[in-house]
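Let me see the structure of the following:
(one chain, ligands or ions: 3)
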Amino acid sequence: MLSDIHGPDDLRRLSPPELDRLCGEIRSFLVQSVTRTGGHLGPNLGVVELTLALHRVFDSPRDGILWDTGHQAYVHKLLTGRQDFSRLRKSGGLSGYPSREESPHDLIENSHASTALSYADGLARAYQLRGVTDRRVVAVVGDGALTGGMAWEALNNIASAQDRPVVIVINDNGRSYARTIGGLARHLDRLRTSRGYEDFLRWGKHLLGETPVVGRPVYDLLHSAKRGLRDLVMPEGMFVDLGLKYLGPVDGHDIAAMESALTAARDFGGPVVVHCVTRKGRGYRPAEDDERDCFHGIGVIDPETGRGVPGDSRPSWTSVFADEMARVGAERADVVAITAAMLHPVGLQPFADAHPDRVFDVGIAEQHAVTCAAGLAAGGLHPVVAVYATFLNRAFDQVLLDVALHRAGVTFVLDRAGVTGDDGPSHNGMWDMSVLGVVPGLRIAAPRDGTRLRAELGEALAVSDAPTVLRYPKGPVPEDTPAVARVGGVDLLTPVDPLDPGNDVLLVSVGAMAQICLETARRLADRGVRTTVVDPRWVKPIDPALLDLAGRHALVAVVEDNVRHGGIGAALSQAVQDEGLPVPCRTFGIPSTFLDVGSRSQILSRLGLTAEALADELGRLVLRPLTAS
Ligand SMILES: Cc1ncc(C[n+]2csc(CCOP(=O)(O)OP(=O)(O)O)c2C)c(N)n1
Ligand SMILES: CC(=O)[C@@H](O)[C@H](O)COP(=O)(O)O
Ligand SMILES: [Mg+2]
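Numbers count the residues shown, from 1 in each chain. Ligands and ions are numbered 1, 2, ... in the order given. You can find the predicted model right below:
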């Protein structure tokens, strides 16, 4: 049946038994395909019926269906003409998120959470202003995404106009990765378990309907006092208090119930919440039973067992951080940790196991995480905020003014810094050193291997009067690259006399680019070009020793896994100019563009960030007379 579905229209002719069969086929397809490619299996298994019902009740793409975060849009893709998942999240294949390039049914490509309701508010306002009345706006938002502040900013605005229809579908599976935290989660739970209210009404109607004479009037009185009754039997939904119509809780796996609720919402004519209760990983036992995150995001696994196939056995950057944090936690009682709903992905699980009262999961709320950390520091603790580099973008103001202005001793650990690749353009951690580069007093370390990660984390935790940052990429940590000497705070990685006036290139390696830079130096040596490779370790502020070294070379080249604009290369070039040093500087990094999907190595190659390309370019520059940049 699935292969006969080429668009939403093909769904509308299906009978309930055919729909059930289609759901089964979709689940089988997801398990068979996503276990082969990796991806967000759990979230998508949980929205099969919900997505079918949405596409039967609404008329996409005329009606806009917005997916918050978008990691749960595989079923939506299957139903809108995209069923080749063989190259999911790979170059030339389907994106793991909605993509306007792929389909007119896709509207939001940003994979950062909690944005869909703001898009929906804007879209609805635009339609109202333009007098467009035949296009509906639907936003699907997870209970996790609802813990993001933007979602509440949007809800406040959506609720401000009772005549501006927006359909808000809450996909409540009780989880982000782990179980969703906080007051909102408790409220949704109360709503979810408020079956009592509906049952009470049905019981009352039956009982009173059987009671002669007084029965009917009493029932009518009670029903007219429904809201009061609701308060009595069920905690009044804050959504209703906000001014939103609330429909639910609805079984998100019951297509008929979903269609009934969505139809009522569609025709309501104002802002309405449809609260759907679903199960992450539904229909695939290994995912349903996975207590950690219900197979939120998986690599290649055995579909039969759900177990990962043997992969790279090297430790990851994340695991090195995880071990070091657990070790530090035993030594430093003042060190606490904050995660934005990603305890395990950022490596805080061991620390949390050992010190459960010293780790705080704030939900998908990076802005709150940062300023809460400033509060923790003000309270005499040393907080470590562990987030993916790209997600810190949305908390820039908090880093700048709530932390740095107050010279708060907060340490930010940015995982997935640099090119991540397969998770799409919005997931690369490629902006952090430029964004944070302008923050006064903030210091940035970019470890080149596991030993430097442990050392630089310790150095960061020793700073109590300024924010510190460690940033490292996704994937396996490379073999250690020992320094042959240290000049100031700068590690020399090649055994050359840095003071020899015959040196050609000072190659400044930032963080994880060390191995590439050393291979580049070897290739340049074969061409008679003498290269000094250094790792500054702390890349912000610029180490004076680096300026001294720069003045003793014919060319300075910086290689960084960050956008060139405003990165370390730009900062060093500016410092070299400010010092009046006549040495030309070149920066090799990421251009200010959104990177197409690909593996990390594919993208680094595309960008010329390989030893071969760097050696060619530097060889050409050294052999051709240069003017200072
Ligand atoms: C700003 C931001 N922070 C963190 C993430 C990482 N992330 C992706 S999905 C997810 C959990 C989403 O939970 P929910 O919205 O409930 O969707 P579900 O997976 O349960 O369907 C998180 C934390 C993100 N995409 N964006
Ligand atoms: C959707 C989302 O933001 C996360 O699930 C992200 O895809 C995880 O990335 P990693 O797979 O690199 O942990
Ligand atoms: Mg959820």
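
what about Arg443, distance to Asp254?
54 Å (Cβ to Cβ, to the nearest Å). Any C-beta I mention is one placed from the backbone N, CA and C, and that applies to glycine too.

Apologies, that question was intended for Gln72.
In terms of Cβ to Cβ, Gln72 sits 18 Å off from Asp254.

what about these two, which has more around it?
Neighbours per residue (other Cβ atoms under 10 Å) separate Gln72 from Asp254, with Gln72 holding more: 26 against 15.

for the more buried one, helix, strand, or coil?
Applying DSSP: H, G, I helix; E, B strand; the rest coil to Gln72 yields a three-state assignment of coil.

Could you pull up the residues touching His253?
Listed by Cβ atoms under 8 Å, 6 or more residues apart in numbering, the contact partners of His253 are Val48, Glu49, Thr278, Arg279, Arg282.

One more: Leu461?
Per Cβ under 8 Å, 6+ apart, neighbours of Leu461: Val328, Arg332, Val335, His382, Val384, Thr411, Thr468.

And Arg307, by the same measure?
Pro286, Ile301.

And the pLDDT at it?
If you check Arg307, the pLDDT there is 94.

just the helices in the stretch 101-250 of the chain please.
Taking DSSP state H, counting those that start in this stretch, the helices of the stretch 101-250 of the chain run over residues 116-130, 149-158, 182-192, 195-210, 215-224, 226-233, 238-242.

Give the buried residues for the last one.
For helix 238-242, the neighbour count (16 or more other Cβ atoms under 10 Å) marks Phe239, Leu242 as buried.

helices or strands up against it?
helix 149-158 (3 or more Cβ pairs under 8 Å, 6 or more residues apart in numbering; DSSP states H and E).

From the chain's centroid, how far away is the helix it packs on?
19 Å (Cα atoms, centre = their mean, to the nearest Å).

Mind giving me the packing neighbours of that helix?
helix 116-130, strand 166-172, helix 238-242.

and that helix with helix 182-192, angle?
Compare the direction of helix 149-158 with that of helix 182-192 by axes from the mean of the first three to the mean of the last three Cα atoms, to 10 degrees and you get 60 degrees.

quick one: contacts of helix 149-158?
By Cβ under 8 Å, 6+ apart, helix 149-158 touches 68, 114-115, 117-118, 120-121, 124, 141, 145, 164, 166, 168, 239, 242, 244, 271, 365, 367-368.

give me the subset of those residues touching ligand 3.
For ligand 3, no contacts are drawn from these by Cβ under 5 Å from the ion.

ChimeraX command for the buried members of the residues you listed?
This is the ChimeraX syntax for the buried subset of the contacts of helix 149-158, where burial follows 16+ other Cβ under 10 Å:
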select :68,114,115,117,118,120,121,124,141,145,164,166,168,239,242,244,271,365,367,368
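
just the contacts of His253 now: which is nearest Leu609?
Nearest to Leu609, judged by Cβ to Cβ, of these is Val48 at 40.5 Å.

any idea how far that closest one is from Phe396?
38 Å.

Comparing those two, which residue is more hemmed in?
Counted by other Cβ under 10 Å, Val48 and Phe396 do not tie: Val48 has more neighbours, with 26 against 17.

so that one touches Phe29, yeah?
No: if you go by Cβ atoms under 8 Å, Val48 and Phe29 don't touch, sitting 10.1 Å apart.

mind checking how far stretch 96-110 is from the chain centre?
When C-alpha coordinates are averaged (Cα atoms, centre = their mean), stretch 96-110 and its chain have centres 17 Å apart.

List the buried residues in that stretch.
In stretch 96-110, counting by 16+ other Cβ under 10 Å, buried: Gly96, Tyr97, Pro98, Ser99, Glu102, Ser103, His105, Asp106, Leu107, Ile108, Glu109, Asn110.

what's the nearest residue to the closest residue to ligand 1 within the stretch 351-500 of the chain if we skip its chain neighbours?
The stretch 351-500 of the chain approaches ligand 1 most closely through Phe391 (4.3 Å), counting by Cβ to the nearest ligand atom. With sequence-adjacent residues excluded and distances taken as Cβ to Cβ, 6 or more residues apart in numbering, Phe391 is closest to Glu366, at 5.3 Å.
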